[in-house]
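1. compute the structure for the input listed below.
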Amino acid sequence: MIFVGSADKFTASRPNRDMTIAPTPEIESFRTRRGTRLGSLLIELAFLLAAGGFIVWSRSHTAGAPLDPDEANYAYIGQRLFAGDRLYVDVWDHQPPLVFVLFGAVQRWFGSDEAVFRGVATCFSGASLVCLYMLMRQSYGRWVAACASLIWALTTMDPGTEGDGANREIYMNTFSVLGVWLLTRFARSPSPRTALVWLLLAGASIGVASAFKTIVAVLWVFVLPWLAWVALRRVCTSVANQTTAVGAGKPLVAPAPLRSRLWQARSRLQSESRPGSVAALFVALLVFGLGPALIWLGQLAWFAADGRATNFIDAVFRYNVGYSARDVGEGSNRLVMFFTAQRWALVPAAALWCVAPLGLLVGRWRRPPATDLLIRLYALAAFVQVMLPGHFWRHYYYLLMPPLALLAGLLVDRILSWGSRGGTICMKSPARLALSLIPVALIIGLLIPSQVRWYYTRDAEELSFLRFSVANVWAKHLGGMLAAMTAPGDSVYQFGDAVGIYHYAGRRTPNRYTMISPLVEEAYPGFAERRAALLDDFKRQDVSVVLLGYPPWPEFYEYLEREYQLVADLAPAGQTVMRIFVSKRRPPKFVPRPSEWIWTPADGEKLQRVKLNEVARWNIWREEGS
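-> Next comes the predicted model:
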């Protein structure tokens, strides 16, 4: 007699005449289940590969587009860091260091072509797809996960929110979604030690996202109430399970009086709804905050090692507090501006913006599942992250794209489980499955024509104009001209939006401030000190070429008139959009004719049309008599 069967059930079976074992029903069931699981995994893998391939294909449409000012700024500063410059001292920006390190490493290993940066952003979008799928799969099943992931794959290159670029929000989304997924693993883990590991990794992931941009701290704060709720629930569940195991008498036979007391304690824990151990709550909050604390303390220690701690704090914290626009107002005014300041940001993916928020409203609010509540908090945190700075740049809105895809998945899950007992998903009803496809079909059916109109039928240059006026294309053109005019050791300076000039010219700026916002916005802390530092830098070194795309303050312009020669006043239609000066002491190798700065007459007309804001600035500057 030989005992064979599944792991949890053994049955007797006699050998056949050829000494083989006849399969029992249990073995057949085990093999069938194993084959079914393997087939399901292959289908899931094929789906993720197909969705990832679509992301690669869709984002390749603008892979060669010129870098926008933010991306070019990251590339230039990252290149200078790997050349030995010190962040916040030799080069300056108010962002945390991780994005500059990433762009610098990419250039060191793969080159500085635009497609390289877009390729890295595509890899992060693919990673977000995997994290989003796994998050929804473990809580709602493959069907809901596939629906949410499909919507994300279709919107990852959303041109309205500049998703086709390589800005920080793409990388922030990846680590934010990863952190949310790890939090759900913490909530579902049966082992206390394993749960703390998931919690530590979740906090570290959100901490990495905040090292790209400090506004991610809003997500960490929003998650805290959910974490407290889940931690207290875990305490009660853990104690109840322990008393059940001991009271059953299988691993340990306890005396009858003790068993009676244990069963009474178990019943009391199951009937009570009051919070559990305060110590367990404290440990959970401590572990969750340990990851971000280590990341930020590590950054502070790195800059403190060579005396840059004050510069780091001043740029990343003090400046960013003042960076939040004070003239926008608070509360309802910011809510109105969310929908009015950047209307075009909502147009290409309008179907998703209109349908997905319904996932916030439907569902079980009396006793919501842990993942439902976490996704809602994630969406609300992303909404606050967009509004809090008060500037409403289009790429800020991209932080809401993953939460919107998750909310669409919640909407599908609510339809599948509507009216079912205990909220379980009913996958056997064809009518319910068809009904769950309605929101997905509505989003995709309206999304694809909109994307064809606003994205796929437009070339990369036109999309670049739509994204950031003319600064992207013009910076690449002017950068090539400056590279030909000057020697590699010369420095050039642009006072305007075309920050990509430094990257495309391969020339250094004489001043640490690559962006002009710290120099022109008086509300920002340290405004006067930065202007004085710019003039001091100009006086200490000879700058070969200066391009003014923005009217300067009087002292700076008087210095340029005294030490430099005006060689071009670019005014395609009689209105100034840029003035170009060359040094009298260290002139460039040659000076192009004014008409050569604007590459064709047709582009000059387009330039005049899209640079109306710069024209208005120069007109105001003239009227003030500066």
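2. quick one: the strands in this structure, in order.
-> 2-6, 9-13, 492-495, 545-548, 564-570, 578-583 (DSSP state E).
3. now do the longest one and strand 578-583, the angle between them.
-> Angular relation of strand 564-570 and strand 578-583 on a 0 to 180 degree scale: 150 degrees, by axes from the mean of the first three to the mean of the last three CA atoms, to 10 degrees.
4. just checking: what are the partner strands of strand 564-570?
-> strand 578-583 (antiparallel) (DSSP bridges).
5. hmm, who's touching the partner strand?
-> The contact list for strand 578-583 (CB atoms under 8 Å, 6 or more residues apart in numbering) reads 496, 542-549, 560, 563-570, 588, 591, 597, 614. Every residue, glycine included, has its C-beta placed from N, CA and C.
6. buried ones among those?
-> 496, 543-549, 560, 563-564, 567-568, 570, 588, 597, 614 (16 or more other CB atoms under 10 Å).
7. surely W553 touches R530?
-> No. Using CB atoms under 8 Å, W553 is not in contact with R530, being 11.3 Å away.
8. mind checking which of these two has more residues around it?
-> Taking neighbours as other CB atoms under 10 Å, W553 and R530 compare with R530 leading, 18 against 15.
9. need the pLDDT of that one.
-> pLDDT for R530: 85.
10. show me the contacts for it.
-> Y513, P518, L519.
11. give me the neighbour count for the last one.
-> L519: 20 surrounding residues under other CB under 10 Å.
12. which residues does it contact?
-> F495, Y513, F527, R530, R531, L534.
13. can I get these in a markdown table including distance to L360?
-> What follows is the contacts of L519, written out as a markdown table (distance: CB to CB, whole Å):
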| residue | distance to L360 |
| --- | --- |
| F495 | 45 |
| Y513 | 41 |
| F527 | 40 |
| R530 | 42 |
| R531 | 46 |
| L534 | 47 |
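14. what's the closest of those to D306?
-> Distances from D306 to these, taken as CB to CB, are shortest for Y513 (20.5 Å).
15. contact partners for the residue nearest to S58 when sequence neighbours are not counted?
-> Residue nearest to S58 in three dimensions, not counting chain neighbours: M157, with 4.6 Å by CB to CB, 6 or more residues apart in numbering. Going by CB under 8 Å, 6+ apart, M157 touches I55, S58, R59, H61, T62, S125, G163, D164, Y455.
16. against V278, how distant is M157?
-> 47 Å (CB to CB, to the nearest Å).
17. is it true that N73 touches V91?
-> No. If you go by CB under 8 Å, N73 and V91 don't touch, sitting 9.5 Å apart.
18. overlap in contacts of these two?
-> Joint contacts of N73 and V91 (CB under 8 Å, 6+ apart) are T514.
19. what's the local residue count around E522?
-> Neighbours around E522, by other CB under 10 Å: 8.
20. please shift the residue numbers so they start at 26 in all later answers.
-> Right, with 26 as the first residue, what we last looked at is E547.
21. give me the number of residues near the residue nearest to A76 when sequence neighbours are not counted?
-> Among residues not flanking A76 along the chain, A178 sits closest, at 4.2 Å (CB to CB, 6+ apart). Residue crowding around A178 was assessed by other CB under 10 Å; the count is 25.
22. contact partners for A178?
-> A76, G77, F79, I80, L154.
23. which of these sits closest to F563?
-> I80 (45.4 Å).
24. next up, the contacts around that closest one.
-> T147, S150, G151, L154, A178, T181, M182.
25. report the lowest-confidence entry in those.
-> Lowest confidence among the contacts of I80: M182, with 91.
26. ok, that one to Y527 distance?
-> 27 Å.
27. over to A90?
-> 18 Å.
28. what is the burial count for L413?
-> 13.
29. I68 now?
-> So I68, with other CB under 10 Å, has 12 neighbours.
30. likewise V126?
-> Around V126 there are 17 residues (other CB under 10 Å).
31. could I get the contacting residues of it?
-> V126 touches G103, L106, counting by CB under 8 Å, 6+ apart.
32. that one and G103, how far apart?
-> Counting by CB to CB, the gap from V126 to G103 is 7 Å.
33. for this structure, which spans come out with low pLDDT?
-> 26-61, 259-302, 347-357, 388-393, 444-454, 456-457, 491-496, 548, 596-601, 623-651 (pLDDT under 70).
34. wouldn't G531 be in contact with G514 here?
-> No. Between G531 and G514 there is no contact under CB under 8 Å: 10.9 Å.
35. compare those two (neighbour count), which wins?
-> More neighbours surround G531 than the other of G531 and G514, with 15 against 8 (other CB under 10 Å).
36. what's the closest non-adjacent residue to the more buried one?
-> Nearest to G531 is A508, by CB to CB, 6+ apart, at 5.8 Å.
37. show me what contacts that neighbour?
-> Counted by CB under 8 Å, 6+ apart, A508 has contacts Y529, A530, G531, R532.
38. JSON lines for these, including distance to L221?
-> Putting those into JSON lines (distance: CB to CB, whole Å) gives the following:
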{"residue": "Y529", "distance to L221": "49"}
{"residue": "A530", "distance to L221": "51"}
{"residue": "G531", "distance to L221": "49"}
{"residue": "R532", "distance to L221": "51"}
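39. buried among those? Make that a PyMOL selection.
-> Buried subset of these, written as a PyMOL selection, criterion 16+ other CB under 10 Å:
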select buried, resi 529+530+532
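40. contacts for stretch 131-143 next, please.
-> 84-85, 87-92, 96, 100, 103-104, 107, 128, 144-145, 189-191, 528.
41. now that stretch: buried residues?
-> Applying 16+ other CB under 10 Å to stretch 131-143 flags V131, Q132, S137, E139, V141, F142, R143 as buried.
42. just put these in CSV and tack on distance to Y344.
-> As requested, those are exported to CSV (distance: CB to CB, whole Å):
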residue, distance to Y344
V131, 26
Q132, 26
S137, 28
E139, 29
V141, 30
F142, 25
R143, 29
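43. the residues you listed: which two are farthest apart?
-> Q132 and R143 (13.5 Å).
44. if we can go back for a sec, list just the nearest of the contacts of M182 to Q324.
-> Nearest to Q324 among these, with distances taken as CB to CB, is S150, at 25.7 Å.
45. which ones are touching that closest one?
-> I80, R84, T181, M182, G188, I195, T199.
46. swap in A381?
-> I176, L429, A430, L432, A433, L436, I468.
47. how about S164?
-> T209, R213, P394, T396.
48. ok, N192 next?
-> D93, D95, E96, H420, Y423.
49. nearest spatial neighbour of the third one, skipping sequence neighbours?
-> Going back to what we said before, that points to E96. A191 (5.2 Å).
50. burial count for that neighbour?
-> 30.
51. phi, psi for it please.
-> phi -140, psi 40 (degrees, to the nearest 10).
52. hang on, isn't Y480 packed against L488?
-> Yes. Y480 is in contact with L488 according to CB under 8 Å; the separation is 7.1 Å.
53. list residues touching both of those two?
-> In contact with both Y480 and L488: P184, D189, using CB under 8 Å, 6+ apart.
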